[in-house]
Each structure stands twice: as structure tokens, then as C-alpha cells.
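Chemist: Build me a structure from this.
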Amino acid sequence: MRNIFVLLIVVIGMAVARPGLAHHSFSAEFDGSKLIELKGVVTRIEWANPHVYFYLDVKDDKGASTNWGCETTSPGALRRQGWNRESLKVGDQVIVDGYPARDGSKLADARRVTLPDGRRIFGGTPGDGGPGEPKP
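Modeler: Residues are numbered from 1 along each chain as shown. The predicted model follows:
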């Protein structure tokens, strides 16, 4: 009986600790000293926990297109900040002000997103240790 109780405690402890281990701080993944601007067309949206991701085809000065991933906060936090599932659609031309991944991958923390209608929406995770909303 005691072994079952100990095993149960260990399993519960692992289940509770797992989500905390999976989450990361802003500074662990993104470089808060390098604000970047991405202008592109939305190619895909993943509206799911723990972060909403959307992807943009961004053209460089020579016309070559690169697909960038943009990380935002959770769906619930985005709703509280004025987003909904219809705010961003595949095919939309948007501007993202954010911070690049430290590892050099084509991933950015999307702090502010300028939508096709001109509205600017904060996409960062409040309290994640990263910079606040970029200045206009």
C-alpha cells in the first residue's frame, strides 16, 4: 500500500511539474536588444496553447521570400488584448514589430502586430521578462 502511495505522489508531482518545465522566459529564447520589423503575408496560423504562432512570407531587398514564425502569447491572453480568431487571416499583409530568436532561426517574438486595417495589437506575453510594447 505504501509503495502505491509513493508512486501516486511521484506521478502527480511529475504531471504538475511538466508544464512549468516546458515554458520558457522571453530572454531565454529572444534577443530583447534587437527590435526588428517584419512586413509580410500571413501563410499559416496556429491558434493553440501555450502560444499562438503565425507565419509570414517576408521578402528581402532582392525579392527572395523567407518564411518567418511569429510567437505571441496564449489564445486567452490575446483575447484580453483585443484579438480574436478573425483578427488575422491567411493572406493578410501585416507588419510585426518584435524580437528575433537568439539561435538565429527565422522566429520572432511578435510584440506588436499592425493589422491590414491599421489597428495595432500587442501580442507579447505580459510579465514574461521581455520588453513592453514597442514605441510607435
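
Chemist: quick one: low-confidence parts of this structure?
Modeler: The chain contains residues with pLDDT under 70 at 1-24, 125-129, 132-136.

Chemist: quick one: the strands in it?
Modeler: Along the chain, counting by DSSP state E, strands occupy 36-46, 53-59, 65-71, 93-100, 107-114, 120-122.

Chemist: Residue 86 is nearest to which of those?
Modeler: strand 36-46 (10.7 Å; CB to CB). For glycine as for every other residue, the C-beta is placed from the backbone atoms N, C-alpha and C.

Chemist: what's the angle between that closest one and strand 107-114?
Modeler: Taking axes from the mean of the first three to the mean of the last three CA atoms, to 10 degrees, one finds strand 36-46 and strand 107-114 inclined to each other by 100 degrees.

Chemist: Any idea what residue 113 is bridged to?
Modeler: With DSSP bridges as the criterion, residue 113 is bridged to residue 96, residue 121.

Chemist: Tell me both backbone torsions, phi and psi, for residue 118.
Modeler: Main-chain dihedrals, residue 118, degrees, to the nearest 10: phi 90, psi -10.

Chemist: Surely residue 67 and residue 106 touch.
Modeler: Yes. Counting by CB atoms under 8 Å, residue 67 touches residue 106, with 6.6 Å between them.

Chemist: Who has more neighbours out of the two?
Modeler: residue 106 (15 against 12; other CB atoms under 10 Å).

Chemist: Tell me who's in contact with the residue nearest the centre of the chain.
Modeler: Of all residues in the chain, the one closest to the mean position by CA atoms, centre = their mean is residue 71, 1.7 Å from it. By CB atoms under 8 Å, 6 or more residues apart in numbering, residue 71 lies in contact with 51, 52, 53, 107, 108, 109, 110.

Chemist: okay, now the closest residue in space to the fifth one that isn't next to it in sequence: neighbour count?
Modeler: In space, residue 108 comes closest to residue 98 once its chain neighbours are excluded; the distance is 4.1 Å by CB to CB, 6 or more residues apart in numbering. Here the count is done by other CB under 10 Å, and residue 98 has 26 residues near it.
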